[in-house]
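Trainee: Here's my sequence, what's the structure:
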Amino acid sequence: MELVRTRAARLVGALLAAAWMGLSVAVTPAMGSGVSSIRVTIYTKSANPVVSGDVWTLYAAGKYSKVTIHGRVFGAPNAAEVELKALAFPFHSAPKTVAHKVLSGADKYSFKVTPSFATRYWVAVVSPGSKSPLTTSNKTTVYVAVRYFALNGATNCNTTGNRPVCHQIYELGFYAPARVLSREGHKHRYTYFGLALSPSKEPPPPKVLKLVKDFSYGSLVKVSSSEYKVSLHFSFEVGTDGYYFAFDVCTKNTESVDGIGLPGHHGCGGNQVSFNSKYLG
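Mentor: Have a look, this model is predicted:
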């Protein structure tokens, strides 16, 4: 699943807390086949970092849930249209036309869509009144990751009586499509934690987060057909130092089973992960 990171640092009288979301652009080129005089390209991009060459979105995360499918058509006849075709996991149904545009010569096209599951996209160039496409692009797959997010949390280590041990309580939201919410929500959650200390100033973040097993989760609470929430409790010792702590939560990918997450293994369940990991699953 998608990695959601909460970073927090505290010096005396100062709190630094933020939810993390990677920013990047992914490009997947393809050249179509069909009528030899017509050429079509297709590219995909999202606001999330490319992982192992895969383009992906986050479920229910605003602009991070969207993917742009774009390209260019060369040599299309007048009044021809480009149609965006989509086939979602488990890829057994007939493809759907989810967007279209009238072309004019060497014309560009761009469509913005919000998949809920892993989805294959391609474009077809068609003439008015014709059922058979003049040409089609290659297919490209966009993946969808579920989302954990820190709804709220307590970072009160400077309050009188809370040092030298810092006690934290976070409420995490978990978002997934309704038909897989229970399956994804009840997966084992792997939790990673890192702590950096400094006696004189706010330290830089820890470079590595280690797998921990003594963090305590509350019971899952169903908020809606596509959202659970769960509380997370943990403690750590800071003494009188300034500190920077970070934790990550992930579940292992099962994309081939339910169409959620990225294909393959991406570090979730290992003994440690990098603070700068783009994705865990």
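Trainee: Show me where the protein has its helices.
Mentor: In the chain, the helices defined using DSSP state H lie at 181-185, 255-258.
Trainee: I'd guessed residue 253 sits against residue 266; true?
Mentor: Yes. Counting by CB atoms under 8 Å, residue 266 is a contact partner of residue 253 at 6.8 Å. In short, each C-beta sits where N, CA and C put it, glycine included.
Trainee: Identify the contacts common to these two.
Mentor: Common neighbours of residue 253 and residue 266, using CB atoms under 8 Å, 6 or more residues apart in numbering, are residue 281.
Trainee: Leaving out chain neighbours, which residue sits closest to residue 216?
Mentor: In space, and not counting its chain neighbours, residue 216 is closest to residue 233: 4.3 Å by CB to CB, 6 or more residues apart in numbering.
Trainee: Report the helix or strand with the lowest average pLDDT across the protein.
Mentor: Of all helical and strand segments in the chain, the minimum by mean pLDDT, DSSP states H and E falls on strand 14-20, at a mean of 25.
Trainee: Distance from the chain centre to stretch 266-281, please.
Mentor: 14 Å (CA atoms, centre = their mean, to the nearest Å).
Trainee: Chain neighbours aside, what residue packs nearest to the residue positioned nearest the centre of the chain?
Mentor: With distances taken as CA atoms, centre = their mean, residue 58 lies nearest the centre of the chain, 3.6 Å away. Using CB to CB, 6+ apart and skipping the chain neighbours, the partner closest in space to residue 58 is residue 64 (4.3 Å).
Trainee: mind showing which ranges of the stretch 101-250 of the chain have poor pLDDT?
Mentor: Residues of the stretch 101-250 of the chain that meet the criterion pLDDT under 70 lie in 105-106, 154-156, 158-162.
Trainee: Mind doing that once more with 90?
Mentor: Residues of the stretch 101-250 of the chain that meet the criterion pLDDT under 90 lie in 103-107, 127-132, 148-169, 200-202, 214, 235, 238-245.
Trainee: need the strands for it, in chain order.
Mentor: According to DSSP state E, counting those that start in this stretch, the stretch 101-250 of the chain carries its strands in the segments 107-113, 119-126, 135-136, 140-145, 147-154, 165-175, 190-198, 208-212, 216-217, 221-224, 227-237, 242-250.
Trainee: From residue 121, how far off is residue 258?
Mentor: As defined by CB to CB, to the nearest Å, residue 258 lies at a distance of 19 Å from residue 121.
Trainee: Surely residue 255 and residue 118 touch.
Mentor: Yes. Under the criterion of CB under 8 Å, residue 255 makes contact with residue 118 at 6.1 Å.
Trainee: List the contacts of residue 236.
Mentor: 165-166, 168, 193, 195, 245.
Trainee: filter those residues to the buried ones?
Mentor: 166, 168, 193, 195, 245 (16 or more other CB atoms under 10 Å).
Trainee: The nearest residue to the fourth one once chain neighbours are set aside pairs with what?
Mentor: Leaving out its chain neighbours, the residue that sits closest to residue 195 by CB to CB, 6+ apart is residue 245, at 4.8 Å. According to DSSP bridges, residue 8, residue 195 are recorded as the beta-bridge partners of residue 245.
Trainee: Let's have the strands of the stretch 101-250 of the chain in CSV, adding distance to residue 84.
Mentor: Shown next, in CSV, are these (distance: least, CB to CB, whole Å):
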stretch, distance to residue 84
strand 107-113, 5
strand 119-126, 6
strand 135-136, 11
strand 140-145, 11
strand 147-154, 25
strand 165-175, 25
strand 190-198, 37
strand 208-212, 40
strand 216-217, 41
strand 221-224, 29
strand 227-237, 29
strand 242-250, 32
